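Visitor: Fold the following for me, if possible:
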Amino acid sequence: MITTYLFDLDDTLVDTKIYQEIYNKILQKLKEKLNLNDLTLSKKIQSLQLDLNKYGRYDSGELCQKLDQLDLYYEILEAQLKAKPLVQGQVKNVFVSLHQKGKKIGIVSNSMRRTIELYLKKYDLKADLIFSSEDVGCKKTEDTYWQTLIENKKLNPEECLMIGDEYDEDILMAKKFGFKTFYLKEMGRLREVLEI
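Guide: So this is what the prediction gives:
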């Protein structure tokens, strides 16, 4: 029996278009704040040895963190959150339904803890546990992430359902450690987790 529902954040609960929308603004503000031009910023970013994400961009939060500019990042992100709703439409109803059934809800993400908490607060979502890549120092593509999640949160993987949009890291890795999984191929299917 499933007692705990573990949700990925980006593109599972949150529409990641927000990061695309703020990306150029963040780069512009970084240039201004650090007194850099396009070329010097590009060289600075390359020296950080960050990976490009699936959209061919650097993670703007990770970039700002490496440049010690997280306050700038959250100032821009919070302003964008005020401008438009970005949580998937069904999320609030799914969370409420699961809590009414006595289920626990967790957020299991590569995102920074502060980002996760920002979304939960902004959209009034209640989670029983949060586990971020910051808690373990690696991403969901590594065994250590899942081992530490299980140990730190005292989870029985057989009683947990991991819901995510990234097949390799949310589904294959979770299955490797005994979690039940739900592959969210399309964001509009989130309500289907209530039928499992």
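Visitor: which helices and strands does the lengthiest helix in the chain pack with?
Guide: If you go by DSSP state H, the chain has its longest helix at helix 17-34. Counting contacts by 3 or more CB pairs under 8 Å, 6 or more residues apart in numbering; DSSP states H and E, helix 17-34 packs against helix 38-48, helix 60-66, helix 70-83. To be clear about C-beta, it is placed using only N, CA and C from the backbone, and glycine gets the same treatment.
Visitor: Quick one: residues in contact with it.
Guide: Outside helix 17-34, the residues that touch it by CB atoms under 8 Å, 6 or more residues apart in numbering are 10, 36-38, 41, 44, 55, 57, 59-60, 63-64, 67, 69, 72-73, 76-77, 80-81, 84, 86.
Visitor: again, only using 10 Å
Guide: Helix 17-34 has contacts (CB atoms under 10 Å, 6 or more residues apart in numbering) with 10-11, 15, 36-38, 40-42, 44-45, 53, 55, 57-61, 63-64, 67-69, 72-73, 75-77, 79-81, 83-84, 86, 119.
Visitor: Now the buried members of the residues you listed.
Guide: Buried by 16 or more other CB atoms under 10 Å: 10-11, 15, 36, 41, 44-45, 58-61, 63-64, 67, 69, 72-73, 76-77, 80-81, 86, 119, out of the contacts of helix 17-34.
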